[in-house]
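In: Below are the sequence and a predicted model; questions follow.
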Amino acid sequence: MNIFILAGEPSGDEYGAKLMKELTTNNPKNTFYGIGGSLMSEQGLNSMVPFQKMSVMGFVEVIKSLFFFISVEKKILAFLKRNKPDKIILIDYPGFNLRLCKKIKAHINTQIIYYISPQIWAWKEKRITTIKKFVDEMIVIFEFEKKWYKSKQLNVNYVGHPFLDIWQPNQNLDSLILNYKIDLDKPILTLFPGSRQQEIDKHLHLFVQAALKIKKAIPNLQILLGLHSGVQLKQKIDQRITIINDEPLKALEIATAAIVSSGTATLQAAIMNTPAVVVYKMNLISWWLTKKLVHVHFASMANIIAKKLVFPELLQNDATINNISNHIIKIINEPAYRKKLLEEIKLIQEKVGKPGASKRAAQYIESV
């Protein structure tokens, strides 16, 4: 098959790459076109536009990049009209992908498969009209999403979470520990400020200052900074902090506690059994609009799945050095609190399905 595939953010690049690998394993003659990052490129994709420019989050931030997105949309539509792929796979990234669905169906009659549902159960529920009309197959990664769609008279296919196909417990940790001279007998704090450049710019200074304050209270604390390979550091990092950008998820796995930007990493931390404090700051206008439009009680997917506040959430004005440091010190220094957190994390782990989601998704895509 000739497949057009589009991911617009780092987590989509990870899951898209795994899906492409499974599709190629089943049929080595499959070819891929579209947009993705370095991981999808390793699986044979030549991205039509620079991936980092696609990874924008927030109302105001998207408006600033509006002309870029319009030009990308035109480029994609022109490509699809010329090449008419056998299948189109769109991965999450709803603001762009759902708009693109309408335009595609107006010009070509190619099957559109949506992999990883947009979170319309949290906000913009009216988008389900677009999905019913323009998406041929929806593949979801959370069981509650399948139930939610069914309540809206739409059948979808549930495959489980693809992160379980990427992460293998304790795999190659020895090399990380050796290379970075990490002492597992001392507490480890891992900073995960985000996978988008705008998140790094917004969070990094706050995370670093909070970590250094925590180290004053816990002198033997080791601080690791997990960075996605596609982002750039625009400030000098204190020498007491070890930067890990080759295998950042392993830095999250070995952590005693973590400060994590709200997003995919919150669920990854839960799966890895790492207690975390969730932090997020954004443009003031974007924050105001988010408060008006979002209808779920929690920001992090880990807490949404648990249906309760397992990981503390410090958002916008609550995201201060003192608040962050107080929560992390409590996780590290209070055994009873830490034990309770770990017990609640297990409940989250039970709700994310079993490994093999990427393979199940690939088989489904080939069968429909």
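Out: Done, it's in.

In: what's next to stretch 357-368, contact-wise?
Out: 15, 18-19, 21-23, 25-27, 87, 89, 111, 113, 115, 136-137, 139, 141, 157, 159-162, 164-165 (C-beta atoms under 8 Å, 6 or more residues apart in numbering). Just so you know, the C-beta spots here come from the backbone N, C-alpha and C atoms, and that holds for glycine as well.

In: Drop anything exposed from those residues.
Out: With burial judged by 16 or more other C-beta atoms under 10 Å, the buried subset of these is 15, 18-19, 21-23, 87, 89, 113, 115, 137, 139, 141, 157, 159-162, 164-165.

In: ok, which stretches of the stretch 201-350 of the chain are helices?
Out: For the stretch 201-350 of the chain, applying DSSP state H, counting those that start in this stretch gives helices covering 248-253, 264-271, 284-293, 301-306, 321-333, 335-349.

In: Compare these and report which one is nearest to Pro355.
Out: Pro355 sits nearest to helix 264-271 of all the helices of the stretch 201-350 of the chain, at 10.8 Å, using C-beta to C-beta.

In: tell me the mean pLDDT for that closest one?
Out: Averaging pLDDT along helix 264-271 yields 92.

In: starting at the chain centroid, how far to it?
Out: Helix 264-271 sits 9 Å away from the centroid of its parent chain (C-alpha atoms, centre = their mean, to the nearest Å).

In: And for stretch 331-338?
Out: Using C-alpha atoms, centre = their mean, the offset of stretch 331-338 from its chain centre is 27 Å.

In: Could you do stretch 302-311 as well?
Out: A distance of 16 Å separates the centroid of the chain from that of stretch 302-311, by C-alpha atoms, centre = their mean.

In: Now it: buried residues?
Out: Here stretch 302-311 shows Ala302, Asn303, Ile304, Ile305, Ala306, Val310, Phe311 as buried, counting by 16+ other C-beta under 10 Å.

In: any chance of those residues in CSV, plus distance to Arg338 and pLDDT?
Out: Below are the buried residues of stretch 302-311 laid out as CSV (distance: C-beta to C-beta, whole Å; pLDDT from 0 to 100):
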residue, distance to Arg338, pLDDT
Ala302, 16, 92
Asn303, 17, 91
Ile304, 22, 89
Ile305, 20, 90
Ala306, 17, 89
Val310, 12, 94
Phe311, 13, 96
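
In: For Val72, state which of those residues is nearest.
Out: Lowest distance from Val72 to those (C-beta to C-beta) belongs to Ile304, with 29.9 Å.

In: check contacts around the closest one.
Out: Ile304 is in contact with Ala122, Val296, Phe298, counting by C-beta under 8 Å, 6+ apart.

In: got a pLDDT number for the first one?
Out: Going back to what we said before, that points to Ala122. At Ala122, the pLDDT recorded in the model is 77.

In: Break this protein into its domains for me.
Out: Split into domains by automatic domain parsing, the chain comes to 2-161+353-367, 173-349.

In: A helix includes Ser117, no?
Out: No - using DSSP: H, G, I helix; E, B strand; the rest coil, the secondary structure at Ser117 is coil, not a helix.

In: how about the nearest residue to it, chain neighbours excluded?
Out: Nearest residue to Ser117, sequence neighbours excluded (C-beta to C-beta, 6 or more residues apart in numbering): Val140, at 4.6 Å.

In: Can you pull out the low-pLDDT segments for the stretch 51-200 of the chain?
Out: Within the stretch 51-200 of the chain, the stretches with pLDDT under 70 are 57-61.

In: hmm, back to that, okay, and which of the buried ones among the contacts of stretch 357-368 map to helices?
Out: Tyr15, Lys18, Leu19, Lys21, Glu22, Leu23, Leu164, Asp165 (DSSP state H).

In: quick one: which of the helices of the stretch 201-350 of the chain is nearest Leu212?
Out: helix 321-333 (9.0 Å).

In: mind listing what Leu233 touches?
Out: So Leu233 contacts Ile200, Leu204, Leu227, Ile243 (C-beta under 8 Å, 6+ apart).

In: which residue is nearest the centroid of this structure?
Out: Closest residue to the average C-alpha location of the chain: Thr264 at 3.2 Å, with C-alpha atoms, centre = their mean.

In: Please identify which helix or strand holds the closest residue to it other than its chain neighbours.
Out: Nearest non-adjacent residue to Thr264, counting by C-beta to C-beta, 6+ apart: Ser11, 4.2 Å away. For Ser11, the element it lies in under DSSP states H and E is helix 10-26.

In: And for Phe4?
Out: Under the criterion of DSSP H and E, Phe4 resides in strand 2-7.

In: Return the set of buried residues in that strand.
Out: Per 16+ other C-beta under 10 Å, strand 2-7 contains these buried residues: Ile3, Phe4, Ile5, Leu6, Ala7.

In: Dump the residues you listed into CSV; add distance to Ile131 as well.
Out: Putting the buried residues of strand 2-7 into CSV (distance: C-beta to C-beta, whole Å) gives the following:
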residue, distance to Ile131
Ile3, 20
Phe4, 18
Ile5, 18
Leu6, 16
Ala7, 18
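
In: Make JSON lines out of the residues you listed and add distance to Arg127 and pLDDT.
Out: Listed next are the buried residues of strand 2-7 as JSON lines, based on distance: C-beta to C-beta, whole Å; pLDDT from 0 to 100:
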{"residue": "Ile3", "distance to Arg127": "24", "pLDDT": "97"}
{"residue": "Phe4", "distance to Arg127": "21", "pLDDT": "97"}
{"residue": "Ile5", "distance to Arg127": "21", "pLDDT": "98"}
{"residue": "Leu6", "distance to Arg127": "17", "pLDDT": "98"}
{"residue": "Ala7", "distance to Arg127": "19", "pLDDT": "96"}
